[in-house]
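J.: pasting the sequence and the predicted model now:
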Amino acid sequence: MKLLIAVLVLSLSACAQLQRGELQPVKRIDVKEPIYFTTCSGMVEDWASCNNKAMKTCTNGYSVISKEENPTAGRRDMTFRCN
């Protein structure tokens, strides 16, 4: 029973993380190349938010390397490269 309660609490806290009204940061994931990762998860952000973050990060434009979405969990991730 304690295990079930612990799993339930962790699940609910994970959902709460996705629904916070915070923009997630952009992280550089390659030291040699201008390749970045960001997430636009939750109810506050959407794909347009990911694209806006990429435009702000890359002043000369960018190309998307990958986009992944899990609609059930409300998770959206994007990896991009600055031109």
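T.: Cool, the structure landed.
J.: remind me which residues of this protein are low pLDDT?
T.: Scanning the chain for pLDDT under 70 picks out 1-21.
J.: switch to 50 and redo it
T.: The chain contains residues with pLDDT under 50 at 4, 6-9, 12, 18.
J.: so residue 53 sits in a strand?
T.: No - per DSSP: H, G, I helix; E, B strand; the rest coil, residue 53 lies outside any strand segment and is helix.
J.: hmm, residue 26 and it touching each other?
T.: Yes - the criterion here is Cβ atoms under 8 Å, and residue 53 meets it with residue 26 at 5.2 Å. To be clear about C-beta, it is placed using only N, CA and C from the backbone, and glycine gets the same treatment.
J.: and the contacts of stretch 69-83?
T.: Identification of contacts with stretch 69-83 by Cβ atoms under 8 Å, 6 or more residues apart in numbering yields 18-19, 29, 33-43, 45-47, 50-51, 54, 57-58, 60-68.
J.: just the terminal-to-terminal distance for it.
T.: 24 Å (Cα to Cα, to the nearest Å).
J.: just stretch 32-42 next, same as before
T.: With Cα to Cα as the measure, the first residue of stretch 32-42 is 31 Å from its last.
J.: what are the contacting residues of that stretch?
T.: For stretch 32-42, the external contacting residues (Cβ under 8 Å, 6+ apart) are 17-20, 24-29, 45-47, 49-50, 53-54, 57-58, 65, 73-82.
J.: list the buried ones in it?
T.: The neighbour-count check on stretch 32-42 (16 or more other Cβ atoms under 10 Å) flags 36-42 as buried.
J.: buried subset of the contacts of stretch 32-42, written for ChimeraX?
T.: Selection of the buried residues among the contacts of stretch 32-42 in ChimeraX, burial being defined by 16+ other Cβ under 10 Å:
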select :18,24,26,45,49,50,53,54,58,76,77,78,79,80,81,82
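J.: mark which of the contacts of stretch 32-42 are part of strands, please.
T.: 26-28, 65, 75-82 (DSSP state E).
J.: quick one: which two of those residues are the most distant?
T.: Maximum pairwise distance among the ones in strands among the contacts of stretch 32-42 (Cβ to Cβ): 23.6 Å, between 75 and 82.
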